[in-house]
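Asker: got a predicted structure here, sequence first:
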Amino acid sequence: MLAFFDAFSGISGDMTVGALLDLGVSVDEVRVALDGLGLPDLSVAAERHAVGGLAATKFVVTTRESPAERTFATIRALLDGAALAPAVRTRALAAFHVLAEAEARIHGTTIDAVHFHEVGGADAIADVVAAAVAVEALGITAIHVGPLPLGTGMVESRHGRLPIPAPATVELLRGFDVVLGDGAGEMVTPTGAAILRGFGASVSELVSVIFHSALTHP
């Protein structure tokens, strides 16, 4: 099955999971997989909301974990030791691996020396693993994505105030079609970008043709 992500309002980890749950994936299946991670005081829920008058599903992760800083090696060990289906583990590891590569390039270090800050928290780990569970549950074998809005402004991080899109997001979106500006705030988060690249998403050929034709033939 091919999945097309029409990320007109951006993409984040919880947005991705919410959309996939809305396609019929059981939150209980996600919950069982996340329980296998052994992260303390972690709970998840799928809540029904109306956004712009349209029904939608919001993926909610609750944790009492203090802001955590984990290395890529720590997260890799966590996933390797978790009770996850092999395909789920492979996808989740791929997402964190491409994120580690992006962070390593930014900071001029190696992937094993990378320290994840916000993306190393239990909620971000839950988002990535839940997305992998949902993709496998739906039988998705290919992911295509349309142009991604980058947003504008500044975002607070452990390194201080950073421009939007964040440096890691810029690295992860190399090769994707993007739209400069197109919204205030962070439209694409590092977690959302890592899911796209780590899960092997590609620019839809049809959307790419339409997008570039609009640019060259106004």
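Answerer: Everything's here; your move.

Asker: longest helix in the chain, please.
Answerer: Longest helix in the chain by number of residues (criterion: DSSP state H): helix 86-107.

Asker: can you dump the C-alpha coordinates of that helix into PDB?
Answerer: Extracted in PDB, the C-alpha atoms of helix 86-107 (Å, rounded to 0.1, in the frame of the first residue of the first chain):
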ATOM      1  CA  PRO A  86      11.400  -6.600  13.800                       C
ATOM      2  CA  ALA A  87      10.000  -4.300  11.100                       C
ATOM      3  CA  VAL A  88       8.800  -1.800  13.700                       C
ATOM      4  CA  ARG A  89      12.200  -1.800  15.300                       C
ATOM      5  CA  THR A  90      14.000  -1.300  12.000                       C
ATOM      6  CA  ARG A  91      11.800   1.700  11.000                       C
ATOM      7  CA  ALA A  92      12.100   3.400  14.400                       C
ATOM      8  CA  LEU A  93      15.900   2.900  14.400                       C
ATOM      9  CA  ALA A  94      16.100   4.300  10.900                       C
ATOM     10  CA  ALA A  95      14.300   7.500  12.000                       C
ATOM     11  CA  PHE A  96      16.700   8.000  14.900                       C
ATOM     12  CA  HIS A  97      19.700   7.100  12.800                       C
ATOM     13  CA  VAL A  98      19.000   9.800  10.200                       C
ATOM     14  CA  LEU A  99      18.300  12.300  13.000                       C
ATOM     15  CA  ALA A 100      21.700  11.400  14.600                       C
ATOM     16  CA  GLU A 101      23.400  11.900  11.200                       C
ATOM     17  CA  ALA A 102      21.800  15.300  10.800                       C
ATOM     18  CA  GLU A 103      22.800  16.300  14.400                       C
ATOM     19  CA  ALA A 104      26.300  15.000  13.900                       C
ATOM     20  CA  ARG A 105      26.800  17.200  10.700                       C
ATOM     21  CA  ILE A 106      25.400  20.200  12.500                       C
ATOM     22  CA  HIS A 107      27.600  19.900  15.600                       C
END
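
Asker: residues of that helix that come out buried?
Answerer: The neighbour-count check on helix 86-107 (16 or more other Cβ atoms under 10 Å) flags 88-89, 91-104 as buried. The way it works is simple: take the backbone N, C-alpha and C, and place the C-beta from them, glycine included.

Asker: contacts for stretch 43-59, please.
Answerer: Contacts with stretch 43-59, where a contact means Cβ atoms under 8 Å, 6 or more residues apart in numbering, come from 14, 17-19, 21-22, 27, 30-31, 34, 60-63, 126-127, 130.

Asker: for ChimeraX, write a command that selects the buried ones of the residues you listed.
Answerer: To isolate the buried ones among the contacts of stretch 43-59 in ChimeraX, judged by 16+ other Cβ under 10 Å, type:
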select :14,17,18,19,21,22,27,30,31,34,61,63,126,127,130
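
Asker: so which of the contacts of stretch 43-59 are in helices?
Answerer: Those of the contacts of stretch 43-59 lying in helices (DSSP H): 14, 17-19, 21-22, 27, 30-31, 34, 126-127, 130.

Asker: cheers, nothing more for now.
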